[in-house]
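*Asks:* I need the structure of the sequence given here:
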Amino acid sequence: MVVTLIQIIFELPESTSLKDKRSVVSSAKERIRRKFRISCAEVDLLDSLGFAQIGGAVVSNSREFGEKVMNRVLAFVEGELALKVHDSQIHTEFY
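*Replies:* Alright, predicted model coming up:
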């Protein structure tokens, strides 16, 4: 079993309240879940107004497939969601 993980930190400069931030983050997570069928959650920076960190995971039988999916997720966040990514990491674990 192969588990591929992604962590993305992105900036929310127009967010003026935690409610605004929650709206953007919730929408992003739901769109990622629907499009790529991965598990996704906000994992850190919960009290920060200007930044958010989300994490995602996919289980497969191939490192290449998992990393391909996560690279597509990153491109989707940067392109279609138009979020400014500050940092991203993709990591694969074998079980």
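*Asks:* can you tell me the SS state at residue 78?
*Replies:* For residue 78, the assignment made with DSSP: H, G, I helix; E, B strand; the rest coil gives helix.
*Asks:* give me the neighbour count for it.
*Replies:* Residue 78 has 15 neighbouring residues, counting by other C-beta atoms under 10 Å. In short, each C-beta sits where N, CA and C put it, glycine included.
*Asks:* these two touch, right, it and residue 86?
*Replies:* No - using C-beta atoms under 8 Å as the test, residue 78 is too far from residue 86 to be in contact (11.2 Å).
*Asks:* which helix or strand contains residue 15?
*Replies:* Using DSSP states H and E, residue 15 sits in no helix or strand.
*Asks:* dihedrals phi and psi, it?
*Replies:* For residue 15, the backbone dihedrals are phi -70, psi 120 (criterion: degrees, to the nearest 10).
*Asks:* which residues are in contact with it?
*Replies:* Counting by C-beta atoms under 8 Å, 6 or more residues apart in numbering, residue 15 touches 21, 24, 49, 50.
*Asks:* which helix or which strand is home to the closest residue in space to residue 78 that isn't next to it in sequence?
*Replies:* Once flanking residues are discounted, residue 78 sits nearest to residue 85: 5.5 Å by C-beta to C-beta, 6 or more residues apart in numbering. If you go by DSSP H and E, residue 85 is part of strand 84-94.
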